[in-house]
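**Student:** Here is a sequence with its predicted model. Questions after.
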Amino acid sequence: MSNVALIFAGGTGKRMHAGGVPKQFLELYGKPIIIYTLEKFENHDYIDSIVISCLDGYIEKLWKLCAKFHITKVKAIVRGGATGQESIYNGLVKIHELDPDTNSVVLVHDGVRPLVDPATITVSGPETYLKRISRAWVSFGSQEIDSTYSVDTGYVLLDENGEECSTTGISFSTDTIKATLRVLAVKEVPLSIDLIDAAGASSANTKVTIEPDSITLAGDTAILSGMNRISLATIDLSDFESTYSDTYLVKYDDGLKNISGTTEAKVTVEIIGLESRQYAVKQENMSCINVTDGYNAEVLSEALVVRLRGSREQLEAVRGENIRVVADLKDYNTSVGQFMVQIRKADA
């Protein structure tokens, strides 16, 4: 008697919105999901062979993946059916064709559920009882599920007709197992920036262009569900006069996979409807604040050229003699000497 793992992977994964890629072939950390599942049974001592029911058109691809990731127990890959039940049937027929004279124990598992722990599907007892067992069945997650979750649950033994077997004379390593259902999703996430309003400019008179304006990520819904945008940078509108452009790295959670492949985005910010004008400010309109007690500060510059930004009407109403320049010395403490102090604010 042999133990055969029947993996059904015939679905197309339309609900994943993965751009036409069946969910069992989506990659996470450089490896397709189906391979994670197969590795569980490949590495289990009590599994003698594996048969897979696969989506038509992907059988050759799956054979190549098995070779690449050293999955050696696979004896056959057959075409899946229109439903999961049909896929399982096709696999059972193939198992019988491969070894019609052996009463095999067949363990049926979904190819896109890689988090099964094969150690929990081992039973022992008299061969007379074990021959009746076709598969061990775990059922959970019947409610509406939209994110990854875990639950402690029991399992039942079924015969070839899907009827529950008696457990008389059979022992188990545990009565319950922890089953984890990792719900995966694909989501297009907008790219954005954060603006600091300054120097007369705000989001109301600013045009922001980001190329590309979004990326497509795949991964756990627990992470993706709360991700409504990715902020590339925070840009102070006082740092430039009319146009600013730069390229930024797109950063996201390490647990996600970037399906679109975009790693950078070009950001362009334009100030719309505002003008800039220069004004001369004389020494008498310059002063210092936050001078350390016991110290004196004297402005040596005789004049400064200040550039202001605003609407044409606002700028025409400003005169140089009405502008007051303030130098903040809070960072200089007890320093002594002549310094070039950056003017962070000019009041008009």
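**Tutor:** That came through, no problem. Numbers count the residues shown, from 1 in each chain.
**Student:** Need the phi and psi values for T37.
**Tutor:** T37 adopts backbone torsions of phi -60, psi -50, taken as degrees, to the nearest 10.
**Student:** mind checking how far V291 is from I323?
**Tutor:** In this view, V291 and I323 are 21 Å apart by CB to CB, to the nearest Å. Using the backbone N, CA and C atoms, a C-beta is placed for each residue, glycine as well.
**Student:** Pick out whichever of the two has more residues nearby.
**Tutor:** Taking neighbours as other CB atoms under 10 Å, V291 and I323 compare with I323 leading, 19 against 15.
**Student:** So that one sits against K282, correct?
**Tutor:** No - if you go by CB atoms under 8 Å, I323 and K282 don't touch, sitting 9.4 Å apart.
**Student:** Quickly note the distance from V318 to T206.
**Tutor:** V318 is 22 Å from T206, by CB to CB.
**Student:** any low-confidence regions in the stretch 51-200 of the chain?
**Tutor:** Low-confidence segments of the stretch 51-200 of the chain (pLDDT under 70): 101-103, 115-123, 136, 139-149, 173, 179-184.
**Student:** okay, V318 and T206: which has more neighbours?
**Tutor:** Ranked by neighbour count (other CB under 10 Å), V318 and T206 place T206 first, with 18 against 15.
**Student:** That one and E86, how far apart?
**Tutor:** 57 Å.
**Student:** Can you name every helix or strand that the longest helix along the chain contacts?
**Tutor:** As assigned by DSSP state H, the longest helix anywhere in the chain is helix 84-98. Counting contacts by 3 or more CB pairs under 8 Å, 6 or more residues apart in numbering; DSSP states H and E, helix 84-98 is packed against strand 3-9, strand 49-54, strand 74-79, strand 105-110.
**Student:** now the angle between strand 49-54 and it, please.
**Tutor:** Here helix 84-98 runs at an angle of 140 degrees relative to strand 49-54 (axes from the mean of the first three to the mean of the last three CA atoms, to 10 degrees).
**Student:** Contacts for helix 84-98, please.
**Tutor:** 4, 6-11, 49, 51-53, 75-76, 78-81, 104, 106, 108, 110 (CB atoms under 8 Å, 6 or more residues apart in numbering).
**Student:** got the contact list for the nearest residue to D175 once chain neighbours are set aside?
**Tutor:** Spatial nearest neighbour of D175, excluding adjacent residues (CB to CB, 6 or more residues apart in numbering): G154 at 6.3 Å. Going by CB under 8 Å, 6+ apart, G154 touches D175, T176, I177.
**Student:** What of C66?
**Tutor:** With CB under 8 Å, 6+ apart, C66 has these contacts: I35, L38, T72, V74.
**Student:** can you tell me how far it sits from L26?
**Tutor:** Distance from C66 to L26, by CB to CB: 17 Å.
**Student:** ok, now S225?
**Tutor:** Going from S225 to L26 by CB to CB gives 18 Å.
**Student:** which one of the two has more residues nearby?
**Tutor:** A count of neighbours by other CB under 10 Å puts L26 above the other of S225 and L26, at 21 against 13.
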